[in-house]
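Colleague: what follows is a predicted protein model with its sequence.
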Amino acid sequence: MTEQHIDTGTQELLCVIRERVAIITLNRPHAKNSLSSELTPALRKLIRDFKNDTRVGALLITGTGDAFCSGGDVKGMGDNATPTQRTPEERTADLRVKQRTFTGALVALRKPTIAALPGVAAGAGMSLALACDLRIAAETASLVTAYLRIGFSGDYGISWLLTRTVGPARARELLLTSKRVDAGTALAIGLVNEVVPDTELGARAFALAKSLADGPRDAIRLIKDNLDQAMLVDFETSLDGEAARMIEAGQSPDHKEAVRAFIEKRKPVFGGARAS
């Protein structure tokens with residue numbers, strides 16, 4: 001098994017490509033992998049670069065040590081923050097750009113994405129996990145919105161992502177109480193898709209990512225388009241969108257390969273017509 005190490009520009013973010021899976025590891029274990037001024041821009045760049053990288057069929061995001069991501073670095077907030085002369089309007093505009101190029105870009109990515117949670121996902125770290133298509137948690141993992149605890153209202157899409165993942169009533173509960181959700185409860189309410197023993201997290205998450213990376217790229221892209229549209233439009237509009245994408249998928253090389261493999265009673269080998 002060969003790995004290609006990717007230079008992220010910082011040791012706070014590690015990345016290797018293994019069998020068409022980009023394994024991205026947040027690497028600030030001393031700070032529970034909280035987001036920093038080095039880590040976050042590097043992660044933004046990876047998401048952007050992998051969009052059209054034909055070497056990568058799926059992204060797997062995880063964290064070093066006993067945390068996934070604890071969100072923003074609280075020590076740099078409030079009275080401890082560096083003084084700034086920027087107006088609230090300028091700071092709002094800056095945050096909007098940061099959000100769109102981070103969780104916004106991850107949600108918009110047409111490749112499958114998986115978050116593997118070895119431990120806590122809190123605040124913007126929870127937003128990062130929810131922005132992925134699928135989430136696998138270790139038995140000792142937990143999730144917490146956390147914003148209320150430090151007097152914040154939420155960012156990086158937490159309200160939108162949480163509402164669409166667990167429903168409006170549960171989203172209100174989790175944001176207004178800021179209670180920690182253990183892995184078992186997270187599975188029961190749909191926050192995560194699977195819970196595995198801590199020692200099996202890496203292997204299970206990679207196996208799932210590889211199976212998706214080996215899948216039909218065009219079909220995956222179009223499925224994500226269908227699902228995104230379904231949350232925004234009425235049923236008939238969704239039907240129309242599905243019809244157009246079904247015809248498009250039927251013209252793809254991957255569909256033709258799947259049919260050949262079915263007839264020949266073998267496993268299909270997908271190449272994909274497009275990288276993104």
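Modeller: On my side now, so go ahead.

Colleague: Pro168 - how many residues pack around it?
Modeller: 11 (other Cβ atoms under 10 Å). No exception for glycine: its C-beta is placed from N, CA and C like everyone else's.

Colleague: from Leu175, how far out is it?
Modeller: From Pro168 over to Leu175 the distance is 11 Å, taken as Cβ to Cβ, to the nearest Å.

Colleague: would you map the strands across this structure?
Modeller: Using DSSP state E, the strands of the chain run over 3-5, 13-18, 21-26, 58-63, 67-69, 113-117, 120-122, 134-138, 142-144, 181-182, 194-196.

Colleague: could you check how far Glu12 is from Ala93?
Modeller: Distance, Glu12 to Ala93, by Cβ to Cβ: 26 Å.

Colleague: cool, Gly190 as well?
Modeller: Counting by Cβ to Cβ, the gap from Gly190 to Ala93 is 34 Å.

Colleague: Serialize the strands of the chain to CSV and add fields for distance to Leu208, mean pLDDT and mean neighbour count.
Modeller: CSV is the format used below for the strands of the chain (distance: least, Cβ to Cβ, whole Å; pLDDT from 0 to 100; neighbours: other Cβ atoms under 10 Å):
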stretch, distance to Leu208, mean pLDDT, mean neighbour count
strand 3-5, 18, 95, 10
strand 13-18, 14, 98, 18
strand 21-26, 9, 98, 24
strand 58-63, 8, 98, 26
strand 67-69, 16, 98, 28
strand 113-117, 6, 98, 27
strand 120-122, 18, 98, 28
strand 134-138, 7, 98, 26
strand 142-144, 19, 98, 23
strand 181-182, 22, 98, 19
strand 194-196, 8, 98, 18
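
Colleague: and the ones you listed: which comes nearest Phe235?
Modeller: Among the strands of the chain, the nearest to Phe235 by Cβ to Cβ is strand 134-138 (25.3 Å).

Colleague: elements contacting the closest one?
Modeller: In terms of contacts (3 or more Cβ pairs under 8 Å, 6 or more residues apart in numbering; DSSP states H and E), strand 134-138 is packed against strand 113-117, helix 183-189, strand 194-196, helix 201-213.

Colleague: which residues of the stretch 51-200 of the chain fall in helices?
Modeller: Counting by DSSP state H, counting those that start in this stretch, the stretch 51-200 of the chain has helices at residues 88-100, 103-108, 124-130, 158-166, 168-177, 183-189.

Colleague: any idea how far the first one is from the chain center?
Modeller: Translated: helix 88-100. On the basis of Cα atoms, centre = their mean, to the nearest Å, helix 88-100 is displaced by 21 Å from the centre of the chain it belongs to.

Colleague: name the residues of it that come out as buried.
Modeller: For helix 88-100, a neighbour-count test (16 or more other Cβ atoms under 10 Å) marks 98-99 as buried.

Colleague: of the strands of the chain, which is nearest Lys224?
Modeller: Here strand 113-117 is closest among the strands of the chain (Cβ to Cβ), at 9.7 Å.

Colleague: contacting residues around that closest one?
Modeller: With Cβ atoms under 8 Å, 6 or more residues apart in numbering as the test, strand 113-117 has contacts from 58-63, 68, 106, 121, 128-129, 131-138, 141, 143, 183, 192, 201-202, 205, 208-209, 212.

Colleague: between strand 21-26 and that strand, find me the angle.
Modeller: With axes from the mean of the first three to the mean of the last three Cα atoms, to 10 degrees as the basis, strand 113-117 and strand 21-26 are set at 40 degrees to each other.
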